[in-house]
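Visitor: Pasting the sequence and the predicted coordinates here, then a few questions.
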Amino acid sequence: MEVACVLIPDSALADPVEAAELTERLLRGLEGIGAAVEAERAGEAYFALDGLCGLYEGERDGVLAAARAAVGPEARIGTGRARFGAWLAAGEWRSPAPVSTLSGWVGLPEREAGGMIETLERLGIASLDALAALPADRVADRFGPPGLRALRLARGEDSPLRPRRPHEELAAQVELPEGVAGDQLERALQMLVDRLLATPQRRGRTLLGLRLGALLSAGGSWSVDQGLGRPTTSARTLRSLLAPRLEALPGPVTALRLRALALGPRVGDQLELSLRGEEHRRRRLGEAIREVRTAQGVDSLLEVLPLDSSSRFPERWAVLTPTADR
């Protein structure tokens, strides 16, 4: 099996929130060409080339060309027999690569991994080729399981890829005027939740987890993950869980983001003996909203959301936001 590794340059990964966004776009780009992608670290993605060649006239180079077009010119792509070899190629390490490249791959804390590599170098084993030539029993006797892991990597051996299950992008963003805080920020969160729930890609499915993020006025970004406990599509429930998170914002923001981390099953239709009064009207209204939105689009039903009635600028008094499911 031949594995491809795609790397985003470290210079683009300094901000952890932006790194997560870049990585997600990278994965979706590769999934768009048919790749089953594994990603366990920010800025890295791995996929098997073999199964994709049939989609590109049996040509390995055709697969790599499609991958480059999908991820953009800044990302680097390398191939190898397994993850580590592909990573070395993407990082443009020349052969024979030094044993120091194993530092983040042997399953040890940074300090312990550094100690093992330093010992190898003191013993005159400075390259991966030199390590690969050693007998396994000698390596196991001196370094134990981490040493055997390093030996397998040096020999181009690794476990099979564990691709993630592809899922559709489900995210929303609200741009904010400078100085928004307090109640105005909570109203912006309400609009953000309504937009996320109105996204057509949701297709009636429930939400299981969310990531609330923000772009900071002073530069940089912030984010926090929120588990939901049980599947839900209730705008009221989502707002009540996310609103306290706004208190952790480190400063003024220019935009709020909300992304679905996991989707649950569709809301099931359940038989009930009777529905009366307000509950009955609420459910019928919700069904009508979904029918109109399906036929006419997300922006076919909007409601007025008050923002800042005291502002001197009329455009800040209120905004139109997609009507939330009832």
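Guide: Thanks, I have the structure now. Residues are numbered from 1 along each chain as shown.
Visitor: who's in contact with G264?
Guide: By C-beta atoms under 8 Å, 6 or more residues apart in numbering, the residues touching G264 are 205-208, 231. (Each C-beta comes from the backbone N, C-alpha and C, glycine too.)
Visitor: now do P166
Guide: P166 touches 31, 36-37, counting by C-beta under 8 Å, 6+ apart.
Visitor: Equivalent analysis for L249, please.
Guide: So L249 contacts 214, 222 (C-beta under 8 Å, 6+ apart).
Visitor: Distance of it relative to L216?
Guide: 8 Å (C-beta to C-beta, to the nearest Å).
Visitor: Check P200 too.
Guide: P200 is 30 Å from L216, by C-beta to C-beta.
Visitor: Could I get the full set of helices for the stretch 1-150 of the chain?
Guide: 16-31, 60-71, 83-90, 110-122, 128-132, 136-154 (DSSP state H, counting those that start in this stretch).
Visitor: how far off helix 60-71 does the first one point, in degrees?
Guide: For helix 16-31 against helix 60-71, the angle between stretch directions is 140 degrees (axes from the mean of the first three to the mean of the last three C-alpha atoms, to 10 degrees).
Visitor: now for helix 16-31, which elements pack on it?
Guide: Counting contacts by 3 or more C-beta pairs under 8 Å, 6 or more residues apart in numbering; DSSP states H and E, helix 16-31 packs against strand 44-48, helix 60-71, strand 221-232.
Visitor: And stretch 186-193, how far out from the chain middle?
Guide: Averaged C-alpha coordinates place stretch 186-193 at 22 Å from its chain's average position (C-alpha atoms, centre = their mean, to the nearest Å).
Visitor: Tell me the buried residues in that stretch?
Guide: Buried residues in stretch 186-193, counting neighbours by 16 or more other C-beta atoms under 10 Å, are found at 187-193.
Visitor: For P98, state which of those residues is nearest.
Guide: Of all those, P98 sits closest to L192, with 47.7 Å by C-beta to C-beta.
Visitor: picking that back up, ok, of the buried residues of stretch 186-193, which one's closest to A75?
Guide: Out of the buried residues of stretch 186-193, the member with the shortest distance to A75 (by C-beta to C-beta) is L192, at 29.6 Å.
Visitor: Could you verify that the closest one is part of a helix?
Guide: Yes. Under DSSP: H, G, I helix; E, B strand; the rest coil, L192 sits within a helix.
Visitor: residues touching it, list them.
Guide: Applying C-beta under 8 Å, 6+ apart to L192 gives the contacts 172-174, 256-258.
Visitor: Least reliable of the helices and strands packed on helix 16-31 by average pLDDT, please.
Guide: Here the helices and strands packed on helix 16-31 differ in mean pLDDT, and the lowest is strand 221-232 at a mean of 87.
Visitor: what bits of the stretch 201-326 of the chain have low per-residue confidence?
Guide: Low-confidence segments of the stretch 201-326 of the chain (pLDDT under 70): 267-301, 303-326.
Visitor: Spit out the contact partners of R259.
Guide: Counting by C-beta under 8 Å, 6+ apart, R259 makes contact with 170-171, 210-211, 213.
Visitor: If we use 10 Å, what do you get?
Guide: R259 makes contacts with 20-21, 24, 169-173, 196, 209-213, 223, 225, as judged by C-beta atoms under 10 Å, 6 or more residues apart in numbering.
Visitor: And it, which helix or strand is it part of?
Guide: Assigned by DSSP states H and E, R259 belongs to strand 253-266.
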